[in-house]
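>>> Could you work out the structure for the sequence below:
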Amino acid sequence: MKFAIISDIHSDFKSLEKAFREIRKSGYDHFVCLGDIVGYSYHYHKYLDGRDPDACIELVKEYCDISIAGNHDLYWSERLCDYFISAGIPGNWYDLDLTQRLEISEGRFWLYDDEENHPVMEENIKYLRSLPETKIFPCKKFSILFTHFLYPDLTGSTRWFPEEDKDFMPHLKYMNSCKCILGIMGHGHLQGYSVTSGKKLIYNYFGEYQLGKYPQAIIIPAITRGDSLNGYFMLDSDSMKLEAIKLD
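Below is the predicted model of the structure:
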């Protein structure tokens, strides 16, 4: 099967449209969105032109048969992720003022205080609220775990990011508990992609890569324009070949 996989759109309809045009030409069996459909700030995303959260959501709703929640989607739909709930974050989190949230988070969580206030239609807020945090997809001989980020913070709601191969071990163990060989996620806004089996962390620029038939965690590039070059991801589950394709 051929999977077209996108992530971290951040309301960038200009880039999303371009990716959709290219993906439709190449063809796919399943279209996957790994979250952060909406939400952006000048600090992280630089280019503010061509941003339209509702248009992005409508396109994802129309074409993606698999879509999961990212941390920005949770923020805009005022929903607590499972990790926050297990950590004892109060249920009225979104009613607290910034000072209160700063005190509770102690620098650990994203607070979105620099987020552009770009309204989203209520029906699309409901869609964001309905998105699952994970999706396990069974292929012929193995299964794929789709998430926005790494276990236990599967939605990427904390400010932590992996720096070496051992940082992926909890996620690889979680994949094993889910009986999944591949774990594919976004969130990192990488200039290309990364692959690790827990023994070696490989960062590659855009291009093709032959996967082995053993557990591997993969981070894909972002759709949004920003500090890093953006792109999308294609996976052939039969040949185990992936390709990260540059947009700009």
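
>>> Show me the shaky parts of the protein.
Scanning the chain for pLDDT under 70 picks out nothing.

>>> Would you mind finding the longest helix in it?
helix 13-26 (DSSP state H).

>>> Which of the residues in that one are classified as buried?
Under the neighbour-count criterion of 16 or more other CB atoms under 10 Å, helix 13-26 has 13-16, 18-20, 23 buried. C-beta here means a position set from N, CA and C on the backbone, and glycine is covered the same way.

>>> got it, and stretch 45-61?
Buried residues in stretch 45-61, counted by 16+ other CB under 10 Å: 45, 51-60.

>>> Which helix or strand lies directly C-terminal to the longest helix of the chain?
strand 30-33 (DSSP states H and E).

>>> So which elements touch the longest helix of the chain?
With contacts taken as 3 or more CB pairs under 8 Å, 6 or more residues apart in numbering; DSSP states H and E, helix 13-26 sits against strand 2-6, helix 53-63, strand 231-236.

>>> Out of the ones you listed, flag the one nearest residue 134.
When these are compared by CB to CB, strand 2-6 sits nearest residue 134, at 14.6 Å.

>>> Tell me the strands beside the closest one, with direction?
Each strand paired with strand 2-6, and its direction, by DSSP bridges: strand 30-33 (parallel), strand 231-236 (antiparallel).

>>> Same list (these) but as JSON lines, adding mean neighbour count.
What follows is those, written out as JSON lines (neighbours: other CB atoms under 10 Å):
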{"stretch": "strand 30-33", "mean neighbour count": "23"}
{"stretch": "strand 231-236", "mean neighbour count": "22"}
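
>>> neighbouring contacts of the strand ranked longest in the chain?
The single longest strand within the chain, with elements called by DSSP state E, is strand 182-190. The contact list for strand 182-190, computed with CB atoms under 8 Å, 6 or more residues apart in numbering, reads 5, 7-8, 32, 34-36, 70-71, 142, 144-150, 156, 161, 171-172, 174-175, 194, 203, 211, 215-222, 224, 226-228, 233, 235.

>>> 6 Å - rerun?
Contacts of strand 182-190 with the rest of the structure, by CB atoms under 6 Å, 6 or more residues apart in numbering, involve 7-8, 34, 144-149, 156, 171, 175, 216-222, 228.

>>> Could you list which of those residues belong to strands?
If you go by DSSP E, the contacts of strand 182-190 have 144-147, 216-221 in strands.

>>> right, and the pair among these with maximum separation?
For those, and using CB to CB, no pair is farther apart than 145 and 221, which are 18.7 Å apart.

>>> quick one: which of the two has more around it?
Ranked by neighbour count (other CB atoms under 10 Å), residue 145 and residue 221 place residue 221 first, with 29 against 25.
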